[in-house]
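Chemist: Just the structure for this:
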Amino acid sequence: MKVPPEEMASPVFDDPDKHEIPGARKMLEIVAKLQSAAYYDGYPFAVGFGGGPSCKRVFCGKAECSGIYGKGCRFHLKSNLTMHGVGMDVVTMAARADWDIYPIGKRSCPEDVPYGAEFGLVLVH
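Modeler: Here you go, the predicted structure:
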C-alpha cells in the first residue's frame, strides 16, 4: 500500500504524539480482516503479519502494552506480529515481487522519495 513518505521519514518519527502513521494502522486493519475472512472461509490456520511498525506503536502509543503483563491485547482483533519480527526480509520479498520500493529511514528527506510503502502478508493453509 502506498503512503505519503512523511509517514516513514520524519525528525519526530519516534514521538507518537507528534508523528502519525495512519497508513500503518490501515495496513494492520486490512491484514486482520483478510486473516479473519480466511478463517471464516474454512482456513483456521491462516496467519497475518504486518510489515511496518509494531502494533503497540500503531494502536497504543505511549500506553503500556497490556499483553506483556498477561492482561490480553487491547486490539487483539487488529494486531499481528510484524514480518521482520519473525525474520522475514520484507524489502527483499517486495523487490523479488518486482514492486517499486524506496528504502526510507528516519533521517531520509520525504521530498526525495516518491512514496512510502506499507506491507502486510496473510498466509493461508
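Chemist: Need the residue closest to the centroid of the chain.
Modeler: Among the residues of the chain, Gly52 comes closest to the average C-alpha position under CA atoms, centre = their mean, at 3.2 Å.
Chemist: from memory it sits against Thr82, does it?
Modeler: Yes - counting by CB atoms under 8 Å, Gly52 touches Thr82, with 7.1 Å between them. Where C-beta positions appear, they are placed from N, C-alpha and C, glycine not excepted.
Chemist: Next one: the residue nearest to the centre of the chain relative to Gly72, how far apart?
Modeler: Taking CB to CB, to the nearest Å as the measure, Gly52 falls 23 Å from Gly72.
Chemist: For the residue nearest to the centre of the chain, which residues are in contact?
Modeler: Applying CB atoms under 8 Å, 6 or more residues apart in numbering to Gly52 gives the contacts Ile21, Gly23, Ala24, Met27, Leu28, Val58, Thr82, Glu118, Phe119.
Chemist: hmm, try it at 7 Å
Modeler: By CB atoms under 7 Å, 6 or more residues apart in numbering, Gly52 lies in contact with Ala24, Met27, Glu118.
Chemist: Which ones among those map onto helices?
Modeler: If you go by DSSP state H, these have Ala24, Met27 in helices.
Chemist: I'd guessed Val122 sits against Gly50; true?
Modeler: No - Val122 lies out of contact with Gly50 (CB atoms under 7 Å); the separation is 10.4 Å.
Chemist: and these two? which has more neighbours close in?
Modeler: Gly50 (29 against 19; other CB atoms under 10 Å).
Chemist: Across the sheet, point out what pairs with that one.
Modeler: For Gly50, the beta-bridge partners are Thr82, Gly120 (DSSP bridges).
Chemist: residue contacts, it?
Modeler: Contact partners of Gly50, counting by CB under 7 Å, 6+ apart, are Met27, Leu28, Val31, Asn80, Thr82, Gly120.
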